[in-house]
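Trainee: What shape does this take:
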Amino acid sequence: MSIFDRYPKTDKFRVLGSIVLPHKYIVGIAKELFNKDMVGLELTNKEKETFIINFEKKHGPSCCAKGCNLAFEEHILTLVIEAMDITPRPELHAYMASCEPYMKEDGITGFSFMPKQEENEIPK
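Mentor: The predicted structure follows:
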(Lines give C-alpha, C1' and ligand atoms only; values in the text may rest on other atoms or scores of the structure.)
Protein backbone atom coordinates (compact mmCIF):
# COMPACT_ATOMS: atom_id res chain seq x y z
CA MET A 1 0.00 0.00 0.00
CA SER A 2 1.28 3.44 -0.98
CA ILE A 3 0.81 6.70 0.92
CA PHE A 4 -0.87 7.93 -2.25
CA ASP A 5 -3.69 5.38 -1.99
CA ARG A 6 -5.47 7.65 0.47
CA TYR A 7 -5.59 10.54 -1.99
CA PRO A 8 -8.94 11.05 -3.77
CA LYS A 9 -9.61 9.50 -7.21
CA THR A 10 -12.24 10.49 -9.73
CA ASP A 11 -13.08 9.38 -13.26
CA LYS A 12 -10.90 12.27 -14.53
CA PHE A 13 -8.10 12.60 -11.96
CA ARG A 14 -5.86 10.44 -9.80
CA VAL A 15 -2.55 10.76 -7.99
CA LEU A 16 0.32 8.75 -9.47
CA GLY A 17 2.95 9.65 -6.87
CA SER A 18 5.38 12.46 -6.25
CA ILE A 19 8.47 13.89 -7.91
CA VAL A 20 11.05 16.47 -6.90
CA LEU A 21 11.51 19.37 -9.32
CA PRO A 22 13.66 20.43 -11.04
CA HIS A 23 15.40 17.17 -9.98
CA LYS A 24 16.06 15.15 -6.85
CA TYR A 25 18.39 16.88 -4.42
CA ILE A 26 21.75 15.09 -4.42
CA VAL A 27 23.47 15.23 -1.07
CA GLY A 28 27.21 15.75 -1.25
CA ILE A 29 29.62 17.50 1.10
CA ALA A 30 26.86 18.35 3.58
CA LYS A 31 26.20 14.61 3.94
CA GLU A 32 29.87 13.87 4.61
CA LEU A 33 30.04 16.56 7.30
CA PHE A 34 26.69 15.45 8.68
CA ASN A 35 27.89 11.85 8.99
CA LYS A 36 31.08 12.96 10.80
CA ASP A 37 29.21 15.31 13.18
CA MET A 38 26.31 12.97 13.95
CA VAL A 39 27.96 9.56 14.31
CA GLY A 40 25.82 7.30 16.49
CA LEU A 41 22.75 9.55 16.48
CA GLU A 42 19.43 8.44 15.00
CA LEU A 43 17.88 11.52 13.44
CA THR A 44 14.58 12.06 11.66
CA ASN A 45 14.44 13.19 8.03
CA LYS A 46 13.33 16.61 9.29
CA GLU A 47 16.45 16.88 11.47
CA LYS A 48 18.62 15.90 8.49
CA GLU A 49 16.88 18.51 6.33
CA THR A 50 17.46 21.14 9.02
CA PHE A 51 21.16 20.23 9.10
CA ILE A 52 21.45 20.67 5.32
CA ILE A 53 19.54 23.98 5.37
CA ASN A 54 21.75 25.35 8.15
CA PHE A 55 24.89 24.09 6.35
CA GLU A 56 23.80 25.88 3.18
CA LYS A 57 23.14 29.12 5.05
CA LYS A 58 26.83 29.14 5.99
CA HIS A 59 28.40 27.62 2.86
CA GLY A 60 25.92 28.12 0.02
CA PRO A 61 23.95 25.55 -2.02
CA SER A 62 25.36 22.04 -1.80
CA CYS A 63 23.31 19.98 -4.27
CA CYS A 64 25.72 17.80 -6.21
CA ALA A 65 23.62 17.39 -9.36
CA LYS A 66 25.71 18.45 -12.36
CA GLY A 67 25.28 22.17 -12.99
CA CYS A 68 22.87 22.69 -10.07
CA ASN A 69 23.26 25.81 -7.98
CA LEU A 70 19.94 25.51 -6.13
CA ALA A 71 19.58 25.26 -2.38
CA PHE A 72 17.87 22.30 -0.74
CA GLU A 73 14.69 24.33 -0.21
CA GLU A 74 14.53 25.17 -3.94
CA HIS A 75 14.04 21.50 -4.82
CA ILE A 76 10.26 21.23 -4.58
CA LEU A 77 8.36 18.02 -3.85
CA THR A 78 5.32 17.94 -6.13
CA LEU A 79 2.29 15.70 -6.38
CA VAL A 80 1.93 14.03 -9.80
CA ILE A 81 -1.68 14.07 -10.97
CA GLU A 82 -2.83 12.09 -13.98
CA ALA A 83 -5.63 14.00 -15.70
CA MET A 84 -7.83 13.65 -18.77
CA ASP A 85 -7.56 17.42 -19.25
CA ILE A 86 -5.15 19.74 -17.44
CA THR A 87 -6.76 22.91 -18.72
CA PRO A 88 -7.50 25.08 -15.67
CA ARG A 89 -11.14 24.41 -14.83
CA PRO A 90 -13.19 24.52 -11.63
CA GLU A 91 -13.25 20.70 -11.37
CA LEU A 92 -9.43 20.51 -11.61
CA HIS A 93 -9.09 23.20 -8.96
CA ALA A 94 -11.60 21.36 -6.74
CA TYR A 95 -9.64 18.11 -7.14
CA MET A 96 -6.37 19.86 -6.29
CA ALA A 97 -7.99 21.40 -3.21
CA SER A 98 -9.21 17.94 -2.11
CA CYS A 99 -5.59 16.72 -2.20
CA GLU A 100 -4.14 19.59 -0.15
CA PRO A 101 -4.80 18.19 3.37
CA TYR A 102 -2.89 15.01 2.47
CA MET A 103 -0.14 17.00 0.78
CA LYS A 104 0.42 19.03 3.92
CA GLU A 105 0.79 15.83 5.98
CA ASP A 106 3.25 14.45 3.40
CA GLY A 107 5.34 17.61 3.00
CA ILE A 108 4.34 18.05 -0.65
CA THR A 109 4.15 21.67 -1.76
CA GLY A 110 3.34 21.71 -5.48
CA PHE A 111 1.61 19.97 -8.37
CA SER A 112 2.84 18.28 -11.53
CA PHE A 113 0.56 16.91 -14.21
CA MET A 114 0.67 13.97 -16.57
CA PRO A 115 -1.86 13.68 -19.38
CA LYS A 116 -3.96 10.54 -19.18
CA GLN A 117 -4.01 8.22 -22.16
CA GLU A 118 -7.68 8.06 -23.16
CA GLU A 119 -7.70 4.29 -23.75
CA ASN A 120 -6.73 3.65 -20.10
CA GLU A 121 -9.59 4.18 -17.69
CA ILE A 122 -8.61 5.57 -14.30
CA PRO A 123 -9.40 2.86 -11.70
CA LYS A 124 -11.52 3.95 -8.75
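
Trainee: Could I get the average pLDDT for the helix or strand where residue 114 lies?
Mentor: The secondary structure element spanning residue 114 is strand 110-115 (assigned by DSSP states H and E). The pLDDT scores in strand 110-115 average 92.

Trainee: buried set for it?
Mentor: 111, 112, 113 (16 or more other CB atoms under 10 Å). Backbone N, C-alpha and C define where each C-beta goes, glycine included.

Trainee: again with stretch 82-95
Mentor: Per 16+ other CB under 10 Å, stretch 82-95 contains these buried residues: 82, 83, 92, 95.

Trainee: what's residue 18 in contact with, if anything?
Mentor: Contacts for residue 18 (CB atoms under 8 Å, 6 or more residues apart in numbering) come out as 4, 77, 78, 79, 80, 106, 108.

Trainee: go again using 10 Å as the cut-off
Mentor: Listed by CB atoms under 10 Å, 6 or more residues apart in numbering, the contact partners of residue 18 are 3, 4, 77, 78, 79, 80, 103, 106, 107, 108, 110, 112.

Trainee: Of those, grab the buried ones for PyMOL.
Mentor: Provided next is the PyMOL selection string for whichever of those are buried by 16+ other CB under 10 Å:
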select buried, resi 4+77+78+79+80+103+106+108+112
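
Trainee: Point out the ones among the contacts of residue 18 that are inside strands.
Mentor: 77, 78, 79, 80, 110, 112 (DSSP state E).
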